[in-house]
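J.: 3D model of this:
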Amino acid sequence: MQQPQQDPFIRRQFLQRSSLGLGAAAVASLASDGALFASPASSAAGPHFAPTARRIIYLFMSGGPSQLDLFDRKPGLHKLHGTELPKSVIGKQRLTTMTRGQAKLLVAADRQKWQRFGESGQEMNAEFRHLGQHADQMAIIRSVHTEPINHDPAVTFMQTGSPNSGRPAMGAWMSYGLGPENCDLPEFVVLLSNGGQPVPSRYWQNGFLPSRHQGVQFQSKGDPVLFLSDPKGMDRTNRGRMVDYISRLNRLKHEQVKDPEIEARIDAYQLAYRMQASVPALTDLTTESKQTLEMYGANPGQQSFAANCLLARRLAESGVRFVQLYDRGWDHHSDTTSNVQNKIRQTEKSCAALLTDLKERGLLDDTLVIWGGEFGRTTYGQDRGKTYGRDHHPGCFSMWMAGGGIRGGVNYGRTDDFSYNVAENGVTPHDLQATILHCMGLDHKQLTYRFKGRDFRLTDVAGNVVGEILG
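T.: The predicted structure is shown next:
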C-alpha cells in the first residue's frame, strides 16, 4: 500500500495543497449523472482482514470535555474540596499559563448528580437521560491521555497522529486505505456546529496523501458544498461537457509529466459534477418523518448539532465511510458545573437518537460511533469569579465508543483518586487510532504511504489495538 512520491513535482503539489488545493477539494465535492464519467480511480488496496465496521461517525467534542463532570466520578474529592492539590499528584506535568500563576491549586469537587445506567451499571452524569439508555452498547474508556496541553496541537494529534500540522487526517487515511463505497459522494465528510475554539480546515486535510482523500466540509447554509450550484448561464449539460473537456486536457498533461496530482484533479472535477445530483437530496432533512426530527431535536434549515447527527446518519447510510462532527463550546474555564450541564442538554439527546436510529436501521452493528475531545480538565479549580472553571489537562480524560465491533457495557482503564493521572490501562491517541483502523479491517502497521523516502503511517511508530473493548 505504498505509492512513490514524484520529487520533480514537489512545488506543484505544495501549491495544489495550499489555498488553491483547498478550493479544488471543495469543488471536488459535488455529484452524478453516473453515465458521463467513469468512477474515480482509487489508491486503495482494501482491508487487510475482515472488518467489524464499514463506516465511522466521529462525534468530536471540541474544547476538552471535563471527565470529572461527565464519566469519571471521584466522590472522595468532596472531603478535599478547597484544599490544595498535593504536589505529588501533579508531579512533573505541565500547567498552562492560565493557571500556573495561581497562588494555590485548590481541589474542586464536582457538583453534578450521578446515575448508573443499564444492566452494566455504567456510571455517568445523571443528565445523560437519553444516552444512558444505550449504556449497555457503550465502551467507556477512562484512561485516555495525550501530550499537548493546548487545543490546536491536541486536536491535531487526535486527528492526524502528530501534534504538528501537515500529516493526513484519520478520515483521509481511511479514504486512502479503503477507497469509495459510493462514487457519487466523498469518502470523508466534515460537519461543524456551535461556536467556540477555531476548527481550521487542516484538521481534515489530506497532508502528503493525494488530494482526492481530503475531507469535504458540508455547509449549514446556502449550498451544502461550496460552488455546488451552476453559475448563471451554465446549465447541467454544458457543465458536464466542460468537465469532460477539462478531464481530457488533464489526461494529456498527465501522459506528459506523470504527476499523480493531475489524476487527483481529474477525480475532483468529476466527483464535483456527480455530487451536484446526489448531495441536494441527501442534505434535505425535510424528507425525514416528524417522529425522526423530534427524536434528534433537529429543525430542517437550522444549523445545529442535532441536524448534523441526523445528516451523519444519512451520509453513513449512503456510503460515506468517515463522517466527522465537530461540536464546539466544551472549553470550560469558568462555571464548569453549569456549562457542562448545558452542553449535555445540547448534545446528548442527539447522540442517543443517532445510536437509536442506526440500530433500528440495522446499521449500528457495522457503524463505529466515537465520542470524545482532545484532552480533559484539571482537578483543581481555575479562579474566575464566584464559580470555578477547570483548565486543560492532558493527563487523563474519557471517551466512549459504540457499535462496529465494540463490546458494550465495558469500562476500560482507571484514573487515580484525583482523576489527574492514569492508574491502569492507559490509552494514547495512537492506541485509539490503531483500534479504530482495526475495526475497519486495517492493520495500522501496514497502512503506510511513502513520502520523502520514509513510510509514514497514522500511528507513526507507536500504537496498540485495545483488544479489551472489542467484541
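J.: contacts for stretch 93-107?
T.: Stretch 93-107 is contacted from outside by 77, 80-85, 90, 149-150, 333, 378-383, 391-392, 394-395, 418, 420, using C-beta atoms under 8 Å, 6 or more residues apart in numbering. (C-beta placed from N, C-alpha, C; glycine too.)
J.: The same query, at a cut-off of 6 Å, please.
T.: By C-beta atoms under 6 Å, 6 or more residues apart in numbering, the surrounding residues in contact with stretch 93-107 are 77, 80-85, 149, 379-383, 391-392, 395.
J.: Highest neighbour count among these?
T.: For the contacts of stretch 93-107, the largest number of neighbours (other C-beta atoms under 10 Å) sits with T379, at 32 neighbours.
J.: Then that one would be within a strand, right?
T.: Yes: using DSSP: H, G, I helix; E, B strand; the rest coil, the assignment for T379 is a strand.
J.: For the protein, give the helix that spans the most residues.
T.: The residue-count maximum for a helix in the chain (DSSP state H) belongs to helix 336-360.
J.: what mean pLDDT does that helix have?
T.: The average pLDDT for helix 336-360 rounds to 98.
J.: quick one: buried residues of it?
T.: 336-337, 339-341, 343-344, 346-359 (16 or more other C-beta atoms under 10 Å).
J.: for stretch 116-134, same thing?
T.: Across stretch 116-134, burial judged by 16+ other C-beta under 10 Å covers 117-118, 120, 122-125, 127-128, 130-132, 134.
J.: Alpha carbons only: can I get that stretch in PDB?
T.: Taking C-alpha atoms only, stretch 116-134 is exported to PDB below (Å, rounded to 0.1, in the frame of the first residue of the first chain):
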ATOM      1  CA  ARG A 116     -25.800   4.200  37.000                       C
ATOM      2  CA  PHE A 117     -27.400   3.200  33.600                       C
ATOM      3  CA  GLY A 118     -28.200  -0.200  32.000                       C
ATOM      4  CA  GLU A 119     -27.600  -3.700  33.200                       C
ATOM      5  CA  SER A 120     -23.900  -2.900  33.100                       C
ATOM      6  CA  GLY A 121     -24.300  -0.100  35.600                       C
ATOM      7  CA  GLN A 122     -22.300   2.400  33.600                       C
ATOM      8  CA  GLU A 123     -21.900   5.400  35.900                       C
ATOM      9  CA  MET A 124     -22.400   8.700  34.100                       C
ATOM     10  CA  ASN A 125     -23.700  12.200  34.800                       C
ATOM     11  CA  ALA A 126     -27.400  11.900  35.500                       C
ATOM     12  CA  GLU A 127     -28.100  14.500  32.800                       C
ATOM     13  CA  PHE A 128     -27.400  11.700  30.200                       C
ATOM     14  CA  ARG A 129     -31.000  10.700  30.400                       C
ATOM     15  CA  HIS A 130     -31.300   9.700  26.700                       C
ATOM     16  CA  LEU A 131     -27.700   8.500  26.200                       C
ATOM     17  CA  GLY A 132     -27.900   6.400  29.300                       C
ATOM     18  CA  GLN A 133     -30.400   4.200  27.600                       C
ATOM     19  CA  HIS A 134     -27.500   3.000  25.400                       C
END
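J.: what separates that stretch from the chain centre, distance-wise?
T.: In terms of C-alpha atoms, centre = their mean, to the nearest Å, the gap separating the centre of stretch 116-134 from the centre of its chain is 23 Å.
J.: helix or strand for V279, which one?
T.: helix 260-282 (DSSP states H and E).
J.: After that helix, which helix or strand is next?
T.: helix 290-296.
J.: outside of that next one, which residues touch it?
T.: Contacts of helix 290-296 (C-beta under 6 Å, 6+ apart): A306, C309, L310, S350, A353.
J.: same deal with stretch 146-153?
T.: Applying C-beta under 6 Å, 6+ apart, the external contacts of stretch 146-153 come out as R94, T96, A154, F157, P163, Q197, F375, H392, P394, P429.
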